[in-house]
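# pasting a predicted model and its sequence here:
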Amino acid sequence: MDSYQTQLQKQLAAYAALRNQQAAQAAAQQNAALDIKNQPALAALDAKKQAVPAQYAPAFDKAVVDALIAKRQIAERAAGLGLTNSGMAAVQQKGAGLKQQSDTTAVAAQRQSALNAVQQDIDTAMANISAQKQINTQNETFKAQQDIANNQLKQQQALDKQLATAAAAAAKSAAKAGTAATTKTAAKTTAAATSQAAIDAIVQRLVATGRFTQREAQYMVTGQMPY
């Protein structure tokens, strides 16, 4: 039985290895197909992200141009009034520079917000793809484990049936052999009894002649002197 069980364990291990390999391959194929399916959407999101800086470039340029225009107008007015080097002109020029800085900072914040929004869409899409891949792998693994368990039960039942059949055949053969041995022993006993009866009859006939004693007749027939 140990050899049968050992062979069964080898078969079960081989089937489990094969089925797990098939499950891994199936999940890999599904996940590869998922990547192909989602590639256009991801590419579109990436293109959208790459386009964001260009979308805000005009706003950055406008802030610079507006500041240059403002500074030139301030300079022209100051020159017309003869206040080119006055403190008022310097304050106005500084104000124009601060406005440019403020406008640039606002545009940069808007650009970063737009980039973050697109990146959030990309992260969500990638997370959904990853989750679906995990589901694919789990589903294939679960199906493989079910098949492995069912195969183990089926093979164990087949082995149990085989062993039961072999045990029944062995018991039947043993019973038949026992009956034959009993019959043979009985035959030997019967033959021996018959042979002894024949010897006794001959001895008695010799004794009846009056020429031999019981012991002499016994010796003449069997070759053995009775005690």
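Happy to help now that I have it. Quantities reported herein were computed from a predicted structural model and do not represent experimental measurements.

# by mean pLDDT, flag the weakest helix or strand of the chain.
When each helix and strand of the chain is scored by mean pLDDT, DSSP states H and E, helix 214-222 comes last, with a mean of 64.

# how much space between the nearest residue to K133 once chain neighbours are set aside and A109?
Setting aside the residues directly before and after it, K133 is nearest to N31 in space (Cβ to Cβ, 6 or more residues apart in numbering), at 4.6 Å. No exception for glycine: its C-beta is placed from N, CA and C like everyone else's. Applying Cβ to Cβ, to the nearest Å, the value for N31 to A109 is 39 Å.

# between those two, which one's more packed in?
A count of neighbours by other Cβ atoms under 10 Å puts N31 above the other of N31 and A109, at 17 against 10.

# test my guess that that one contacts I135.
No: the criterion here is Cβ atoms under 8 Å, and N31 misses it with I135 at 10.1 Å.

# check the offset of the longest helix along the chain from the chain's centre.
Secondary structure of the chain read by DSSP state H shows that its longest helix is helix 87-208. Put simply, helix 87-208 sits 9 Å off its chain's centre (Cα atoms, centre = their mean, to the nearest Å).

# SS state for the residue nearest to K133?
Under the three-state scheme (DSSP: H, G, I helix; E, B strand; the rest coil), N31 adopts helix.

# before we move on, what's the pLDDT of T137?
In this model, T137 is scored at 96, pLDDT.

# contact partners for it?
Taking Cβ atoms under 8 Å, 6 or more residues apart in numbering, we find T137 in contact with 27, 31.

# could you check how far it is from I148?
For T137, the distance to I148 (Cβ to Cβ) stands at 16 Å.

# for Q101, same thing?
With Cβ to Cβ as the criterion, Q101 and I148 are 68 Å apart.

# neighbour count winner among the two?
Higher neighbour count among Q101 and I148: I148, with 19 against 12, using other Cβ under 10 Å.

# secondary structure element for the spatially closest residue to that one that is not a sequence neighbour, which one?
Leaving out its chain neighbours, the residue that sits closest to I148 by Cβ to Cβ, 6+ apart is A16, at 4.8 Å. A16 is located in helix 2-80, with elements delineated by DSSP states H and E.

# also N85?
Going by DSSP H and E, N85 is not in any helix or strand.

# mind checking pLDDT for it?
Looking at N85, its pLDDT is 73.

# the one 10 residues further on now?
At G95, the model reports a pLDDT of 85.

# number of nearby residues for it?
A total of 13 residues lie near G95 under the criterion other Cβ under 10 Å.

# how close does it sit to S86?
The value you get for G95 to S86, if Cβ to Cβ is used, is 14 Å.
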